[in-house]
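>>> next come a sequence and a model predicted from it.
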Amino acid sequence: MRFTEEGSTTLGQGIFMRLERVTLRAPDGSTHARDVLRHPGSVAVLPVEGDRVWLVRQYRVAMGRPLLEIPAGKRDVTDEPPVETAVRELGEELGMRASEWMSLGSMEPSPGYTDEVIHLFAASGIVPTTRRPEGVEEAEAEIVEMSIDEALAAVDDGTITDAKTQIALLRWARRTG
């Protein structure tokens, strides 16, 4: 399959995302328009100590309700390594610092319309520090501590619907248990 991008036009610019209409040439020579949401990428952190994990329940405007998920944030500092962004997000959202970091790989949450890549990490050796929430949703978020087994059960019963959280929990469980 040989597809080529012939060009793109910016349809809109948000706070940190850009919507583009891409002209795509198919292998048969035909051209097609596709809309792509350009995203700087993000990180997500599974804070784990022994058999305990910490999640945040925060309002997500796109879903119109709070979701239970691991701390996460966009990669908004140019050329910053993903693990450094993860360290910052853990402090901002949970008020925690970790001495050990493990990559849980990356994921592409919705490649049909966005180029976002989420880098997943597990953090352990957790110690409390000053919480520094950014934005009203983070400031109002509830920190939830539970066992790994409770979190995995919440994935299975549909309580945890967030994909990055599900994948991080399942990858952690496969690697450690």
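Okay, I see it. Numbers count the residues shown, from 1 in each chain.

>>> so Pro128 makes contact with Leu90?
No: the pair Pro128 / Leu90 is not scored as a contact, 11.1 Å apart, by C-beta atoms under 8 Å. Every C-beta, even on glycine, is put in place using the N, C-alpha and C of the backbone.

>>> identify the contacts common to these two.
Both Pro128 and Leu90 are contacted by 96-97, under the criterion C-beta atoms under 8 Å, 6 or more residues apart in numbering.

>>> in terms of neighbours, single out the busier of these two.
In this view Pro128 and Leu90 are compared by other C-beta atoms under 10 Å, and Leu90 has more residues nearby, 26 against 9.

>>> in the stretch of helix or strand that one belongs to, which residues are buried?
According to DSSP states H and E, Leu90 maps onto helix 82-94. Applying a neighbour-count criterion of 16 or more other C-beta atoms under 10 Å, one finds 82-83, 85-94 buried in helix 82-94.

>>> just the C-alphas of it, formatted as PDB.
Written as PDB, here are the backbone C-alpha positions of helix 82-94 (Å, rounded to 0.1, in the frame of the first residue of the first chain):
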ATOM      1  CA  PRO A  82       8.500  11.900  27.800                       C
ATOM      2  CA  VAL A  83       9.700  10.600  31.300                       C
ATOM      3  CA  GLU A  84      10.400  14.200  32.400                       C
ATOM      4  CA  THR A  85       6.900  15.200  31.300                       C
ATOM      5  CA  ALA A  86       5.600  12.200  33.300                       C
ATOM      6  CA  VAL A  87       7.500  13.400  36.400                       C
ATOM      7  CA  ARG A  88       5.900  16.800  36.200                       C
ATOM      8  CA  GLU A  89       2.400  15.400  35.700                       C
ATOM      9  CA  LEU A  90       2.700  13.100  38.700                       C
ATOM     10  CA  GLY A  91       3.600  16.100  40.800                       C
ATOM     11  CA  GLU A  92       0.900  18.400  39.400                       C
ATOM     12  CA  GLU A  93      -2.000  16.000  39.500                       C
ATOM     13  CA  LEU A  94      -1.200  13.800  42.600                       C
END
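
>>> after that helix comes which helix or strand?
Using DSSP H and E, the next helix or strand after helix 82-94 towards the C-terminus is strand 96-107.

>>> and that next one, what does it pack against?
strand 42-49, helix 82-94, strand 118-128, helix 163-176 (3 or more C-beta pairs under 8 Å, 6 or more residues apart in numbering; DSSP states H and E).

>>> how far off helix 82-94 does that strand point, in degrees?
Strand 96-107 and helix 82-94 are oriented at 130 degrees to each other (axes from the mean of the first three to the mean of the last three C-alpha atoms, to 10 degrees).

>>> all set, thanks.
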